[in-house]
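Visitor: turn this into a structure:
(chains A and B)
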Amino acid sequence: QQQVKQSPQSLIVQKGGISIINCAYENTAFDYFPWYQQFPGKGPALLIAIRPDVSEKKEGRFTISFNKSAKQFSLHIMDSQPGDSATYFCAAKSNFGNEKLTFGTGTRLTIIP
Amino acid sequence: DGGITQSPKYLFRKEGQNVTLSCEQNLNHDAMYWYRQDPGQGLRLIYYSQIVNDFQKGDIAEGYSVSREKKESFPLTVTSAQKNPTAFYLCASSQSGLNTDTQYFGPGTRLTVL
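Guide: Predicted coordinates for the structure are as follows:
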């Protein structure tokens, strides 16, 4: 069962533009929403995360927007750079019971000059 | 890669053979996880362990086995019962408890069945 739906599957953005990746979830018990960045042949690394008590979190060029009523959250990369080219995964977790992360299917982002 | 080591980086196996992937962490984390990554399918949880000598099946445990005899080690065995084992395998760890949700990933092992 796909509990976190991520789109688009791939994205091409011009250098300096804004990259936007979207995720939607179904489980209302989710209360932690991280984004991971993965370069080819490497393990994912935490990029930024948000909890539902805020609607937006910004760290440098990276911003998470969170819409609790719509059960959606998105990653915005401002002033996208070629070094941002990677695969991005959204995820979600509930603090009830076990501590499993449920991942989206990933977005391959390519920043072109 | 945050104090998590996986070995080997590349592994080749003949059909019908069992193979064990190593995962070690020096972060003193209680919880450890194994994921499988296939193109277009994201990360799928195989097994996880929240404490030494205890582990639970994830979403795709069939054909895999694990052990957790030491806090810092969580090896994964891919058995011959796993029908399609060629994939990128990722180990992760985290500290248990509220407000400590971050999972740290190792560099991964790419397994190819010949």
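Visitor: burial count for the residue lying closest to residue A:113 once chain neighbours are set aside?
Guide: If you skip the residues right next to it in sequence, residue A:113 has residue A:15 as its closest partner in space, 5.3 Å away by CB to CB, 6 or more residues apart in numbering or on different chains. C-beta: built from backbone N, CA, C; applies to glycine. Around residue A:15 there are 12 other residues, counting by other CB atoms under 10 Å in any protein chain shown.
Visitor: contacting residues for residue A:15?
Guide: A:80, A:81, A:82, A:111, A:112, A:113 (CB atoms under 8 Å, 6 or more residues apart in numbering or on different chains).
Visitor: could you export those as CSV, including secondary structure, distance to residue B:112 and pLDDT?
Guide: Formatted as CSV, the contacts of residue A:15 follow (DSSP: H, G, I helix; E, B strand; the rest coil; distance: CB to CB, whole Å; pLDDT from 0 to 100):
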residue, secondary structure, distance to residue B:112, pLDDT
A:80, coil, 34, 98
A:81, coil, 33, 98
A:82, helix, 30, 97
A:111, strand, 30, 98
A:112, strand, 31, 97
A:113, coil, 34, 92
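Visitor: and the residue nearest to residue A:113, what pLDDT?
Guide: pLDDT recorded at residue A:15 is 98.
Visitor: narrow the contacts of residue A:15 to those that are buried.
Guide: Buried members of those, counted by 16 or more other CB atoms under 10 Å in any protein chain shown: A:80, A:111.
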